[in-house]
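> Next comes the sequence, and after it the predicted model I'd like to discuss.
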Amino acid sequence: MATPTLEKTDKAEAGFADTPYITATFRIRRFNPEVSDEVQWQDFEISIDPKERVLDALHKIKWELDGTLTFRRSCAHGICGSDAMRINGKNRLACKTLIKDINPEKPITVEAIKGLTVLKDLVVDMDPFFQAYRDVMPFLITKGNEPTRERLQSAEDRERFDDTTKCILCAACTSSCPVFWNDGQYFGPAAIVNAHRFIFDSRDEGGEQRLEILNDRDGVWRCRTTFNCTDACPRGIEVTKAIQEVKRALITRRF
Amino acid sequence: MSSETSSPAIGDVEGVSLYDVDNPAPVIEPPRKRTGKTPKGSRTNFEMYAWLFMRLSGIVLVVLVIGHLLIQLVLDGGVSKIGFAFVAGRWASPFWQVWDLAMLWLAMLHGANGLRTVINDYAERDNTRFWLKMLLYTATVFTVLLGTLVIFTFDPNIR
């Protein structure tokens, strides 16, 4: 116990000796319809600790350099799913991406997620995304009378859909999907993940309805298994696997 | 703290901007975005069968096409042996007739379904989609029927 603690203190002291700050360039895609219809990449050079997150850098820019920079963030700790953005060409949560992990030697590009209307800077119109979410009926559907006690479920039954309960609806997966970019009518990975969460819930009885919805022209059969969604998910959900499980359920239901 | 902006602020590019708070610039909407009015599904299993067909025909086609290429281009003298007599000799056997017929139908439908997917993905306007698909279906039906006709009515004694 004592030895590692000692070593840690040594390291911390060494860190304080020379400044941890580095100079990093943030190249941000700006769009303000009240000023221009043109999109512009703007560079901000700031000195920041690389152990901080991209969100901290955005805060620093907004609070100290340019107050017009607009982005969404709520909890700032990877739970609310507000600050999904395209950082260095990959969809991530700004609040979970450390600057040291994305090579601060080169300019770090930050832009809005793709496939949705950009309203200002990094803020997009999420309505189509949530419409797809609504359309898969992401709520418990049951028949008959309500039980007087809670609806019980075994640990194995809970495990069946555990992965898809982690979704925070940040839209990182849906806005990384090339099918969704080309056709916004496609439900998108996030809606399918949230349908999966109820289809495989032993307490739910609306699975048939949801499968019917996802069997549609814009449903799971449009998935091209490119795995962009799985790569993008900040919660590590195996999104493509969930989509494949819905496909399998549709086929085994039929044959 | 060292800080600088390397490019000018938005709107300063051409002096006076056309847009202001009361008259904002138009935003770029994604193609065919989902709204509450998006029509609900057709409730058929067509897409599922199309998806299954792609997988199953793909497996069969691997065997058919590799076998076809080997026989036509590699084994027994390669491409130089192919002539009218070679084709006539092969089509005398019902086995090769069925082989070629299966390859024609599976490859054409497999390719057509793939292109249908590409059109569904990339054609933005409903009209464009419709006419591209009509063109595709016409070409597919024509090729499949013509090929089938030739396989079944092939006459080795034609002059």
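Structure received. Numbering: from 1, shown residues only, chains lettered A, B, ... in the order given.

> contacts, neighbours, all on C-alpha from now
Will do.

> Look at residue 19 and report its pLDDT.
Unless you meant another one, I'm taking chain A. Per-residue confidence (pLDDT) for A:Thr19: 85.

> I was after chain B.
So B:Tyr19 comes in at 87 (pLDDT).

> One more: B:Ile158?
At B:Ile158, the pLDDT value in this model is 76.

> Mind checking what secondary structure it has?
State at B:Ile158, reduced to three classes by DSSP: H, G, I helix; E, B strand; the rest coil: coil.

> Pick out the residue nearest the middle of chain B.
The centre of chain B sits closest to B:Leu115, judged by C-alpha atoms, centre = their mean, with a distance of 1.8 Å.

> And that one, how far from B:Met108?
Distance of B:Leu115 to B:Met108, given as C-alpha to C-alpha, to the nearest Å: 10 Å.

> Please apply the same query to B:Asp76.
In terms of C-alpha to C-alpha, B:Asp76 sits 28 Å off from B:Met108.

> between those two, which one's more packed in?
Counting neighbours by other C-alpha atoms under 10 Å in any protein chain shown for B:Asp76 and for B:Met108 shows that B:Met108 has the greater number, 17 against 11.

> what about that one, which helix or strand?
helix B:94-122 (DSSP states H and E).

> Tell me the helix or strand right after that helix.
helix B:126-153.

> helices and strands of chain B: which one has the lowest mean pLDDT?
Ranked by mean pLDDT, DSSP states H and E, the helix or strand of chain B with the weakest confidence is helix B:84-91, at a mean of 87.

> what ranges do the helices span in the stretch 101-250 of chain A?
A:127-135, A:155-160, A:178-182, A:189-199, A:207-214, A:228-232, A:239-254 (DSSP state H, counting those that start in this stretch).

> For chain B, find the nearest of the ones you listed.
Closest to chain B of the helices of the stretch 101-250 of chain A is helix A:127-135 (C-alpha to the nearest C-alpha; 4.9 Å).

> Need the residues that contact that closest one.
A:116, A:171, A:174, A:184, A:187-188, A:190-191, A:194, B:33-36 (C-alpha atoms under 8 Å, 6 or more residues apart in numbering or on different chains).

> re the thing from before, I'd like to know which elements the least confident helix or strand of chain B is packed against.
helix B:94-122 (3 or more C-alpha pairs under 8 Å, 6 or more residues apart in numbering or on different chains; DSSP states H and E).

> per-residue confidence averaged over the helix it packs on?
Averaging pLDDT along helix B:94-122 gives 94.

> what's that helix packed up against?
Contact partners of helix B:94-122 among helices and strands, from 3+ C-alpha pairs under 8 Å, 6+ apart: helix A:178-182, helix B:46-69, helix B:84-91, helix B:126-153.

> change it to 7 Å
If you count contacts as 3 or more C-alpha pairs under 7 Å, 6 or more residues apart in numbering or on different chains; DSSP states H and E, helix B:94-122 packs onto helix A:178-182, helix B:46-69, helix B:126-153.

> quick check: domain ranges of chain A?
A:16-124, A:127-254 (automatic domain parsing).

> Out of these, flag the one nearest B:Ser17.
domain A:16-124 (6.3 Å; C-alpha to C-alpha).

> Just checking the closest one against chain B, any contact.
Yes: if you take C-alpha under 7 Å from any C-alpha of the partner chain as the test, domain A:16-124 does meet chain B, through A:33-37, A:40, A:42-47, A:115-119.

> Ramachandran coordinates for the residue in the stretch 101-250 of chain A that chain B sits nearest to?
Closest to chain B within the stretch 101-250 of chain A is A:Gly184: 4.3 Å, counting by C-alpha to the nearest C-alpha. Backbone geometry at A:Gly184, expressed as degrees, to the nearest 10, gives phi -70, psi -10.

> Tell me how many other residues crowd it.
If you count neighbours by other C-alpha under 10 Å, A:Gly184 ends up with 25.

> Excluding residues flanking it in the chain, which one is nearest it?
In space, and not counting its chain neighbours, A:Gly184 is closest to B:Lys33: 4.3 Å by C-alpha to C-alpha, 6 or more residues apart in numbering or on different chains.

> residues contacting that neighbour?
B:Lys33 makes contact with A:Pro128, A:Gly184, A:Gln185 under the criterion C-alpha atoms under 7 Å, 6 or more residues apart in numbering or on different chains.

> distance of the nearest residue to B:Gly41 once chain neighbours are set aside from B:Ala85?
Among residues not flanking B:Gly41 along the chain, A:Asp216 sits closest, at 5.1 Å (C-alpha to C-alpha, 6+ apart). Per C-alpha to C-alpha, A:Asp216 is found 50 Å from B:Ala85.

> same deal with B:Glu124?
49 Å.

> Over to A:Pro189?
Separation of A:Pro189 from B:Ala85 (C-alpha to C-alpha): 55 Å.

> what's the neighbour count on B:Ala112?
18.

> That'll do, ta.
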